[in-house]
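*Asks:* Fold the following and give me the result.
(2 chains)
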Amino acid sequence: EAGVAQSPRYKIIEKRQSVAFWCNPISGHATLYWYQQILGQGPKLLIQFQNNGVVDDSQLPKDRFSAERLKGVDSTLKIQPAKLEDSAVYLCASSLAQLTRGPTEAFFGQGTRLTVV
Amino acid sequence: GQQVMQIPQYQHVQEGEDFTTYCNSSTTLSNIQWYKQRPGGHPVFLIQLVKSGEVKKQKRLTFQFGEAKKNSSLHITATQTTDVGTYFCAGSTGNQFYFGTGTSLTVIP
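*Replies:* Numbers count the residues shown, from 1 in each chain, chains lettered A, B, ... in the order given. Have a look, this model is predicted:
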């Protein structure tokens, strides 16, 4: 079974530039998560999709971050404009979880390491 | 958002010693998951606990969910160098789960 695919693996940009990350979840997984992990901290949930609908985006800085999952499969996360404090690893995860049954095991991708200079 | 704290933040043990990390939530959880993240890697699922007072074992790892469903622990017996990494709990009150602060384990050979 193929895992969660993310690209790019690494990205270096200057502050105020924009950047986009791509995630392809495991086939058949309805739920997709984007997490931000700053060095030395636990992953912070940015947004959760159930198919192509947003379940939770309460911690997404909506003035600069946006995410979409148009066909309920792969997803993109965009930052525009980037700030220095956005430097982190952006992790995508997917799971079989359905809203009526609660969360199940999440499978993570390798992540995209973003450095903003 | 939901607050999930873990202690200790760091733990250094001699190979063969035991290790325990504790997870505490500010709210009652519906379930809790545990993940392991190796240095430079991504979180890998270990287990999910759902019932109050539940105890599950995986070889040398023992997971507990508190009676009040607000805390959990992971105990590793006789640590090995392969146990090195950061252990995260992730608590859920609905369909989202929020990661704790993590405990970084170093095993000294």
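*Asks:* Check which helices and strands the lowest-mean-pLDDT helix or strand in chain B is in contact with.
*Replies:* Least confident helix or strand of chain B, by mean pLDDT, DSSP states H and E, is strand B:97-99 with a mean of 88. Contacts defined by 3 or more C-beta pairs under 8 Å, 6 or more residues apart in numbering or on different chains; DSSP states H and E place strand B:97-99 against strand A:44-50, strand B:31-37, strand B:85-92. Any C-beta I mention is one placed from the backbone N, CA and C, and that applies to glycine too.
*Asks:* quick one, which of these is packed in tightest?
*Replies:* Across the helices and strands packed on strand B:97-99, averaging neighbours per residue (mean count of other C-beta atoms under 10 Å in any protein chain shown) puts strand B:85-92 on top, at a mean of 25.
*Asks:* quick one, strands of the chain?
*Replies:* Looking at chain A here, since you left the chain open. Along chain A, the stretches classed as strands by DSSP state E are A:5-7, A:10-13, A:19-24, A:31-37, A:44-50, A:53-56, A:65-68, A:75-79, A:88-95, A:107-108, A:112-116.
*Asks:* switch to chain B, that's the one I care about
*Replies:* Secondary structure of chain B (DSSP E): strands at B:4-7, B:10-14, B:19-25, B:31-37, B:44-49, B:55-58, B:61-65, B:71-76, B:85-92, B:97-99, B:103-108.
*Asks:* Those: lowest mean pLDDT?
*Replies:* Here the strands of chain B differ in mean pLDDT, and the lowest is strand B:97-99 at a mean of 88.
*Asks:* who does that strand pair up with?
*Replies:* strand B:85-92 (antiparallel) (DSSP bridges).
*Asks:* Give me the angle between the strand it pairs with and strand B:44-49.
*Replies:* Per axes from the mean of the first three to the mean of the last three C-alpha atoms, to 10 degrees, the angle that strand B:85-92 makes with strand B:44-49 is 40 degrees.
*Asks:* List the contacts of strand B:85-92.
*Replies:* With C-beta atoms under 8 Å, 6 or more residues apart in numbering or on different chains as the contact definition, strand B:85-92 has outside contacts at A:42-43, A:102-103, B:2, B:4, B:6, B:21, B:23, B:25, B:29-39, B:41, B:43, B:72, B:74, B:97-100, B:102-105.
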